[in-house]
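A.B. asks: here are the coordinates; sequence isn't available:
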Ligand SMILES: Nc1nc2c(ncn2[C@@H]2O[C@H](COP(=O)(O)OP(=O)(O)OP(=O)(O)O)[C@@H](O)[C@H]2O)c(=O)[nH]1
């Protein structure tokens, strides 16, 4: 076994190199996926790069539209069970649906906090505890409301021969981004999950300011939504 396993690269539109590295089986509670690893060179710490993932189930390269989720990293929601957002429930819901169909793909993009990073997302949460909404908090920190870039999706999907998606999303800008990249969106599959007292106003803001196609606002009355406990500076 060589020290460095064989890999190949594909240029993304912004001229960074996306390297396909390797894959392994990934059993989950819903199905056994194949997990594929990519490195985006020219990002992250010097000499390294952001590591992106694809979870694939079944024959996705047969030319038929593929049930797909393009999921942005949310460590707090995907891993730490946060109820401030709908991310963890969307991740689980998407994997369940792919498993039910026996065919699909989930791209896991490392664009934490809509592209501003984990620590800045926690700064943004702090501002939200002081009254800002999710968009205002990003702007107050000097970022765009949504700093994500989806260019990597094209070479990632090309790797698996996927050209047309049945995209699980509520985000119209994600659909536009795919279309502009030349990836057909044959169908939008809504992914409405986990509206609760903690994420109700966040979801309402996404609907009102970011254009998300969601359930009617205020499903949970604001006066019944408990404010998250204020966090002390020092514990
Ligand atoms: N800056 C910021 N990012 C957040 C906040 N809440 C969640 N996020 C991030 O928002 C992103 C959500 O990404 P996706 O799951 O792809 O969802 P989406 O773009 O809202 O669209 P859908 O496809 O409809 O889910 C993740 O990167 C989360 O970390 C917040 O309050 N502030």
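C.D. replies: Sure, I can see it. Bear in mind the structure is a predicted one, so any value in this text is a computation, not a measurement. Numbering: from 1, shown residues only.
A.B. asks: give me the helices and strands touching the longest helix belonging to the chain, please.
C.D. replies: When the chain is scanned for its longest helix (criterion: DSSP state H), the result is helix 87-101. Using 3 or more CB pairs under 8 Å, 6 or more residues apart in numbering; DSSP states H and E, the elements in contact with helix 87-101 are strand 49-57, strand 66-72, strand 104-109, strand 164-168. Glycine gets a C-beta too; all of them are placed from N, C-alpha and C.
A.B. asks: buried stuff in the following helix or strand past the third one?
C.D. replies: In the C-terminal direction, the helix or strand that comes right after strand 104-109 (DSSP states H and E) is helix 118-129. Within helix 118-129, the residues that qualify as buried by neighbour count (16 or more other CB atoms under 10 Å) are 120-121, 123-125, 127-128.
A.B. asks: and the next element down the chain from helix 118-129?
C.D. replies: Using DSSP H and E, the first helix or strand after helix 118-129 is helix 134-140.
A.B. asks: check which helices and strands that next one sits against.
C.D. replies: helix 118-129, helix 200-210.
A.B. asks: re earlier: TSV for the helices and strands packed on helix 87-101, including mean pLDDT and distance to the ligand?
C.D. replies: Below are those laid out as TSV (pLDDT from 0 to 100; distance: least, CB to the nearest ligand atom, whole Å):
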stretch	mean pLDDT	distance to the ligand
strand 49-57	96	13
strand 66-72	98	3
strand 104-109	98	8
strand 164-168	98	7
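A.B. asks: could those be laid out in CSV, adding mean neighbour count?
C.D. replies: Below are those laid out as CSV (neighbours: other CB atoms under 10 Å):
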stretch, mean neighbour count
strand 49-57, 20
strand 66-72, 24
strand 104-109, 23
strand 164-168, 21
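A.B. asks: format these as TSV; extra columns: distance to residue 192.
C.D. replies: Shown next, in TSV, are the helices and strands packed on helix 87-101 (distance: least, CB to CB, whole Å):
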stretch	distance to residue 192
strand 49-57	21
strand 66-72	14
strand 104-109	17
strand 164-168	10
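A.B. asks: near the ligand, which residues of the chain show up?
C.D. replies: 71-74, 85, 87, 90, 111-114, 116, 121, 124, 134, 138, 169-171, 174, 191, 202, 206, 212 (CB under 6 Å from any ligand atom).
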